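K.L.:
Quick one, structure for this:
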Amino acid sequence: MTTLTLNPGQPAPASARQDATTIGLIGLAHGTSHFFHLLLPPLFPFFIRDFGLSYSELGFLVTMFFIISGTGQAAAGFLVDRIGARPVLFVAMACFAMAGLATALAPGYTGLMLAAALAGLGNAPFHPADFTILNKRVSAPRLGHAFSVHGISGNLGWAIAPVFLTGLAAAMGSWRVAAACASGVAVAVLAVLWINRAAIDDRAGHWAHDSTAKTGENEPVPEHPMAFLKLPSVWLCFSFFFWSTCALSAIQSFASPALQQLFGLPLSVTALVVTGYMLCGAVGMVIGGFLVARIEQLERIIGVCLFASAALLCVVASGWLPGLLAAGVTALAGFGAGLAGPSRDMLIKRAAPPGATGRVYGTVYSGLDLGFAMAAPVFGYMLDHGWAAGVFYGSALTLALGVASATLVGLGTAKRQSNVMAR
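P.N.:
From the prediction side, this is the model:
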């Protein structure tokens, strides 16, 4: 039996309470990052009113956010592996605070571009930083639940942002006040992380689920920093994130106006669809966290769940349903996407080589940013030209392409495991 050898001064294995503290703090940080994904989209109607912008121009703001985030995310993985995840996380949260202020003070489109850029820069390090801390600080039996909470918190951040921003804008009579309050949220979360910084110190973690934990050595086996890029599984995971995120981008940014165009529903109703989608996704992630520990072929879970979500979105696009029911079915589609979430994160963990956690997650999750960046202008163009149904049909198609990528990842991982056992 392999035992874990602790160095003098190395902390004892984490208790359930220590694991829970780390998971909770990272969940809070991740939820905040997703909240700032939607710093601008819920305010799009106000920008159209005050600045006379088109949906295509607004879609480009989303593209700018995710181009900066995606490019920075791949680089941030190397930075996290080099200097540690915690300081990078603190800087990222400060960028969110500045993005909120930039939005509140924006004189026009240029100011909104600055806000999108700052928010994208803040978002860049989150996945490599979060997953590095979780993999090093959380014990193996609770790692699946850590991934589940991580995904749930992200969905809750997405769910809260539209209600928070549009609600405050309506209550205070100013979208600028709402943006300033969003900046205050980032400052408050940064304070919480700083006060509890010991619980997210990845330098003190020893549960690194890689060669360090398996061999008891102090350092992983040396390899070229770019060696992981040769693995097909890394690029298949990247492609899975790209396609599945194209669907998410359509729902987040354009489901509300698309439902208005298709069914004539008021903004007060359609604005809640994104929140409902994310809440349904959060419920799915709770269940998905338990499925991860019980089912070996994760790609099957992903496939069934995403195909079910795609089918629901096609029904909405068809126009067969009454308006309110269509809004509800759109929200329900989030359940299948959420159910697949923990399986997705565990699939990436299995595909990652030892000692390259930050780099792999940074590269793979940059597919998420690229999906957001490329999809937003496409779906914005559809709306500008009156094809609201295309938002939902396009989402369904990209979910199906994501299933194909996940299936190939699962087959490749299974083959690699079989080869290891054969030796």
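
K.L.:
now the protein, which segments are flagged as low pLDDT?
P.N.:
1-14, 204-233, 292-299, 347-358, 409-423 (pLDDT under 70).

K.L.:
which residue is nearest the centroid of it?
P.N.:
Closest to where the C-alpha atoms of the chain average out (C-alpha atoms, centre = their mean) is residue 154, at 6.1 Å.

K.L.:
Excluding chain neighbours, what is closest to it?
P.N.:
The shortest distance from residue 154 to any non-neighbouring residue, by C-beta to C-beta, 6 or more residues apart in numbering, is to residue 34 (4.2 Å). For the C-beta atoms, the positions are set from N, CA and C on the backbone; glycine is no exception.

K.L.:
Could you say which helix or strand holds the one you found?
P.N.:
helix 16-37 (DSSP states H and E).

K.L.:
next one: residue 393
P.N.:
For residue 393, the host element (DSSP H and E) is helix 389-422.

K.L.:
And the helix or strand residue 242 falls within, what does it pack against?
P.N.:
If you go by DSSP H and E, residue 242 is part of helix 232-263. Applying 3 or more C-beta pairs under 8 Å, 6 or more residues apart in numbering; DSSP states H and E, one finds that helix 232-263 contacts helix 55-83, helix 267-292, helix 298-318, helix 323-351, helix 357-384, helix 389-422.

K.L.:
try 6 Å this time
P.N.:
With contacts taken as 3 or more C-beta pairs under 6 Å, 6 or more residues apart in numbering; DSSP states H and E, helix 232-263 sits against helix 267-292, helix 323-351, helix 357-384, helix 389-422.

K.L.:
So which of these is nearest residue 140?
P.N.:
Nearest to residue 140, of all the helices and strands packed on helix 232-263, is helix 323-351, at 10.9 Å by C-beta to C-beta.

K.L.:
Pull out the buried residues from the closest one.
P.N.:
Across helix 323-351, burial judged by 16 or more other C-beta atoms under 10 Å covers 323, 326-351.

K.L.:
Centre of the chain to it, how far?
P.N.:
Offset of helix 323-351 from its chain centre (C-alpha atoms, centre = their mean, to the nearest Å): 12 Å.

K.L.:
excluding its backbone neighbours, what's nearest residue 77?
P.N.:
Per C-beta to C-beta, 6+ apart, closest to residue 77 is residue 362, 2.2 Å.

K.L.:
what do you get for residue 249?
P.N.:
Spatially, and ignoring its direct neighbours in sequence, residue 249 is nearest to residue 375 (4.0 Å; C-beta to C-beta, 6+ apart).

K.L.:
quick revisit: just to check, the residue nearest to residue 154 is in contact with residue 157?
P.N.:
Yes - counting by C-beta atoms under 6 Å, residue 157 is a contact partner of residue 34 at 3.2 Å.

K.L.:
just the helices and strands packed on helix 232-263: most buried one?
P.N.:
Highest mean neighbour count of those: helix 357-384, a mean of 25 (counted as mean count of other C-beta atoms under 10 Å).

K.L.:
elements contacting it?
P.N.:
Helix 357-384 packs on helix 55-83, helix 126-137, helix 232-263, going by 3+ C-beta pairs under 6 Å, 6+ apart.

K.L.:
what's the angle from the longest one to helix 16-37?
P.N.:
In other words, helix 232-263. 50 degrees (axes from the mean of the first three to the mean of the last three C-alpha atoms, to 10 degrees).

K.L.:
what's the angle between helix 232-263 and helix 126-137?
P.N.:
Going by the same axes, to 10 degrees, helix 232-263 makes 130 degrees with helix 126-137.

K.L.:
and the angle for helix 232-263 with helix 323-351?
P.N.:
Relative orientation of helix 232-263 and helix 323-351, computed by the same axes, to 10 degrees: 170 degrees.

K.L.:
Next: the second one.
P.N.:
What separates the directions of helix 126-137 and helix 323-351 is an angle of 50 degrees, with the same axes, to 10 degrees.

K.L.:
for helix 126-137, the distance to its chain's centre please.
P.N.:
For helix 126-137, the distance to the chain centre is 13 Å (C-alpha atoms, centre = their mean).

K.L.:
Downstream of that helix, the next helix or strand is which one?
P.N.:
Heading C-terminal from helix 126-137 (DSSP H and E), you reach helix 143-172.

K.L.:
Okay, buried residues for that following helix please.
P.N.:
Across helix 143-172, burial judged by 16+ other C-beta under 10 Å covers 143-162, 164-166, 168-169.

K.L.:
So which residues lie in contact with whichever helix or strand comes after that helix, not counting its own?
P.N.:
Scanning forward in sequence from helix 143-172 by DSSP H and E, the next helix or strand is helix 175-195. The contact list for helix 175-195 (C-beta atoms under 6 Å, 6 or more residues apart in numbering) reads 32, 39, 43, 46, 93, 96-97, 100-101, 103-104, 165, 168-169.

K.L.:
can the residues you listed go into TSV with extra columns for secondary structure and distance to residue 396?
P.N.:
Formatted as TSV, the contacts of helix 175-195 follow (DSSP: H, G, I helix; E, B strand; the rest coil; distance: C-beta to C-beta, whole Å):
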residue	secondary structure	distance to residue 396
32	helix	30
39	coil	27
43	helix	28
46	helix	30
93	helix	35
96	helix	32
97	helix	37
100	helix	34
101	helix	38
103	helix	32
104	helix	37
165	helix	28
168	helix	33
169	helix	32
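
K.L.:
Closest to residue 287 out of the residues you listed?
P.N.:
Nearest member of those to residue 287, counting by C-beta to C-beta, is residue 32, at 24.2 Å.

K.L.:
Next, the contact list for the closest one, please.
P.N.:
Counting by C-beta under 6 Å, 6+ apart, residue 32 makes contact with residue 189.

K.L.:
repeat for residue 263
P.N.:
323, 326 are the contacts of residue 263 under C-beta under 6 Å, 6+ apart.

K.L.:
any idea how far residue 332 is from it?
P.N.:
The gap separating residue 263 from residue 332 is 16 Å, by C-beta to C-beta, to the nearest Å.

K.L.:
one step back: tell me the angle the helix holding residue 242 makes with helix 267-292.
P.N.:
Orientation check (the same axes, to 10 degrees): helix 232-263 against helix 267-292 gives 150 degrees.

K.L.:
tilt between helix 232-263 and helix 357-384?
P.N.:
On the basis of the same axes, to 10 degrees, helix 232-263 is oriented at 30 degrees to helix 357-384.

K.L.:
for helix 232-263, which positions count as buried?
P.N.:
For helix 232-263, using 16+ other C-beta under 10 Å, the buried residues are 233-263.
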